[in-house]
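Peer 1: give me a model of this one.
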Amino acid sequence: MVRTSAQSVRPDIIDVFIIILLAAAVDIFIFWMATQFIANPVFQTLPDFVTGALSGVWTSIATGTAGIGLVLVKYLATARAERPNYFVYVAGTAAGLFVLILLLAVTSIFVSGLKEGAHPPRPPPPSGAFLLNIPSDGSGQIINQENGNQWFSYSYQGTIALKDGVLKGTLKPSSFKTSERFQPLPGQTLNAMAVKFCRWVWTGGNWSVDWSPTHNGVKNSIPINVPLKDKLTLNLPNLDFEVPVPPGAERDQSWLCLRLDFNGGGYFPFP
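Peer 2: Numbering: from 1, shown residues only. Reported below is the predicted structural model:
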């Protein structure tokens, strides 16, 4: 009988297990090394069934204790007429797994791109807005803002600090003015003034401003109840406020809003 070469010997079930185990270990090591250079932890935390299986095999092989590793050692020590070329099979399997992982990564990036591309880019914060990317150590920051349009204008000053996920501050007495172009609705009044945490959110197929908080029980507003008219100059009262930062909010893309609520006419400012 003519013997075939070691490379042509067909692996049995134990050989297949050894080849897959070695190939997976090689790929995991390659990707782990790559993530060290790009500072990405994706291959630093693997599922328990992967790390447990590999560590169990290598530990039993290294220490000679009972386990699947010892079974493999005894299997390899058993005399066989022919053995497959493990180097060729492991290299080929590792290359195949490597390509498969890359294809999965490319597919994931492509799908994420489709999701992100489903809507236009987020608008920037309003020009001149007080951005909330302030230190979170509780240090006080000075507020000095002005805003307006052809119908309204206002200015306000105060202080603000961020600590433990809560914005706390004080608005000093401020001013609110209407121009000669302003035409109030019959019986329209300025109901209240409130401090809000504002950011752009994608809802209903459009970017819109999320005004937080919208629930009761938050110290962030004060009643005013003043009738509106054109060419009005109104001194707004002092306001102490506490506004929680919404979970997951990007503070460098969020800003502080002084919201003036009107009955039957919406609110100001318009972002």
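Peer 1: ok, the closest residue to L162 other than its chain neighbours - how many residues close by?
Peer 2: Leaving aside its chain neighbours, L162 sits nearest to S136 (4.9 Å; criterion: C-beta to C-beta, 6 or more residues apart in numbering). Glycine gets a C-beta too; all of them are placed from N, C-alpha and C. Using other C-beta atoms under 10 Å, S136 has 13 neighbouring residues.
Peer 1: any idea of the mean pLDDT for the helix or strand containing W200?
Peer 2: Using DSSP states H and E, W200 sits in strand 189-203. For strand 189-203, mean pLDDT is 86.
Peer 1: now do stretch 246-257
Peer 2: In this model, stretch 246-257 has a mean pLDDT of 86.
Peer 1: cool, and stretch 161-171?
Peer 2: Stretch 161-171 shows a mean pLDDT of 91.
Peer 1: what ranges of the stretch 51-200 of the chain fall below the confidence cut-off?
Peer 2: Within the stretch 51-200 of the chain, the segments meeting pLDDT under 70 span 51-83, 109, 111-118.
Peer 1: circling back to that earlier point, list the buried ones in the strand holding W200?
Peer 2: For strand 189-203, the neighbour count (16 or more other C-beta atoms under 10 Å) marks T189, L190, N191, A192, M193, A194, V195, K196, F197, C198, R199, W200 as buried.
Peer 1: got a list of what the fourth one touches?
Peer 2: Under the criterion of C-beta atoms under 8 Å, 6 or more residues apart in numbering, the contact list for A192 reads S221, I222, P223, I224, N225, L260, D261.
Peer 1: same thing but at 10 Å, please
Peer 2: Neighbouring residues of A192 by C-beta atoms under 10 Å, 6 or more residues apart in numbering: S221, I222, P223, I224, N225, R259, L260, D261, F262, N263, Y267.
Peer 1: what sits opposite it in the beta ladder?
Peer 2: Counting by DSSP bridges, A192 forms beta bridges with P223, D261.
Peer 1: quick check: it vs V226, distance?
Peer 2: A192 sits 10 Å away from V226, going by C-beta to C-beta, to the nearest Å.
Peer 1: contacting residues around T159?
Peer 2: Contact partners of T159, counting by C-beta under 10 Å, 6+ apart, are G140, Q141, I142, I143, K168, G169, T170, L171, K172.
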